[in-house]
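Engineer: coords please:
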Amino acid sequence: MKKTCGVVLLMAFCALWLTPTGRAADVASSNETAAVSQAELAKLLVEVLGLARFLPADPTPAQNFAILMVNNIAPQDGWDAGRAVTRADLARVIVQALKKSGEIKTPDDPQAWIDYLVGIGVPIDTVGLATKPLEPLVLPVAPKAYTALVDPLHKEIKQVMGPITQFGADMTPIRELFAFKPLPPQPVTPTGPQGARF
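Structural biologist: The predicted model follows:
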């Protein structure tokens with residue numbers, strides 16, 4: 001009798017613990033309050049679009065914003081690390097990342113960006129679903145030349161990319177041959193009336 005009551009009590013406890021209603025309510029309430037910041041969106045876009053190779057290992061939000069803006073990707077009011085992402089901001093940056101900004105008829109209307117994404121079948125209910133169709137940019141723009149440290153303990157930064165050296169025939173004599181050289185000025189001899197020289 002004690003064994004049977006213990007087994008029934010254990011099964012009831014397991015059934016209550018494993019019911020999805022109690023745990024799902026906790027998860028749903030935490031997801032409703034959690035919003036994605038623009039700093040998090042920018043970090044995700046930099047990784048998805050293949051722009052992370054132009055930045056240091058742990059870039060700041062300002063560095064992420066800078067490389068996205070160089071590649072013409074920004075919300076309507078600009079990037080702000082503390083601001084939460086709205087559907088209009090998300091739609092705008094996704095369309096810009098897809099390089100389809102020219103297809104928006106009224107770019108000042110935030111709803112036009114959302115309608116365009118819905119029209120091509122991109123769901124913008126979550127950031128994860130909206131960034132799914134993105135691929136690395138074909139011709140990304142880097143903000144500056146690569147820099148690297150030769151010695152990690154040495155603080156002086158040296159550029160990796162030096163001056164461009166071209167190898168080939170010496171073209172100096174040919175350049176001198178075809179170079180424009182103005183003639184030296186000729187002295188002018190003053191003459192008087194009827195061609196008399198002074």
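
Engineer: mean confidence score for stretch 78-92?
Structural biologist: On average, the pLDDT along stretch 78-92 is 92.

Engineer: contacting residues around A142?
Structural biologist: F54, I67, V70 (CB atoms under 8 Å, 6 or more residues apart in numbering). All C-beta atoms are positioned from the backbone trio N, CA, C, and that covers glycine.

Engineer: out of those residues, which are buried?
Structural biologist: Buried members of those, scored by 16 or more other CB atoms under 10 Å, are F54, I67.

Engineer: A84: which of the contacts of A142 is nearest?
Structural biologist: Lowest distance from A84 to these (CB to CB) belongs to I67, with 21.7 Å.

Engineer: give me the nearest residue to the closest one, chain neighbours excluded.
Structural biologist: Distances taken as CB to CB, 6 or more residues apart in numbering put L51 closest to I67, at 5.0 Å, once the chain neighbours are dropped.

Engineer: next: L129.
Structural biologist: P123 (4.6 Å).

Engineer: I figured that neighbour hits P133, correct?
Structural biologist: No. Between P123 and P133 there is no contact under CB atoms under 8 Å: 9.7 Å.

Engineer: give me phi/psi at S37?
Structural biologist: Dihedral angles phi and psi of S37 (degrees, to the nearest 10) take the values phi -80, psi 160.

Engineer: OK, contacts around it?
Structural biologist: S37 neighbours (CB under 8 Å, 6+ apart): A81, G82, R83, A84, V85.

Engineer: still on that earlier bit, pLDDT score assigned to the residue nearest to L129?
Structural biologist: So, for P123, pLDDT stands at 88.

Engineer: count the residues that sit near it.
Structural biologist: Per other CB atoms under 10 Å, the neighbour tally for P123 reads 12.

Engineer: do you know how far it is from A88?
Structural biologist: Relative to A88, P123 is positioned 15 Å away (CB to CB, to the nearest Å).

Engineer: quick check: next helix or strand after the helix or strand of the chain with the lowest mean pLDDT?
Structural biologist: Least confident element among the helices and strands of the chain, by mean pLDDT, DSSP states H and E: helix 20-33 (a mean of 38). Scanning forward in sequence from helix 20-33 by DSSP states H and E, the next helix or strand is helix 38-48.

Engineer: may I see the buried residues of that following helix?
Structural biologist: For helix 38-48, using 16+ other CB under 10 Å, the buried residues are Q38, A39, E40, L41, A42, K43, L44, L45, V46, V48.

Engineer: okay, those residues in a markdown table with distance to R175 and pLDDT next?
Structural biologist: As requested, the buried residues of helix 38-48 are exported to a markdown table (distance: CB to CB, whole Å; pLDDT from 0 to 100):
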| residue | distance to R175 | pLDDT |
| --- | --- | --- |
| Q38 | 54 | 93 |
| A39 | 53 | 93 |
| E40 | 56 | 94 |
| L41 | 53 | 94 |
| A42 | 49 | 93 |
| K43 | 51 | 94 |
| L44 | 52 | 94 |
| L45 | 48 | 94 |
| V46 | 45 | 93 |
| V48 | 49 | 93 |
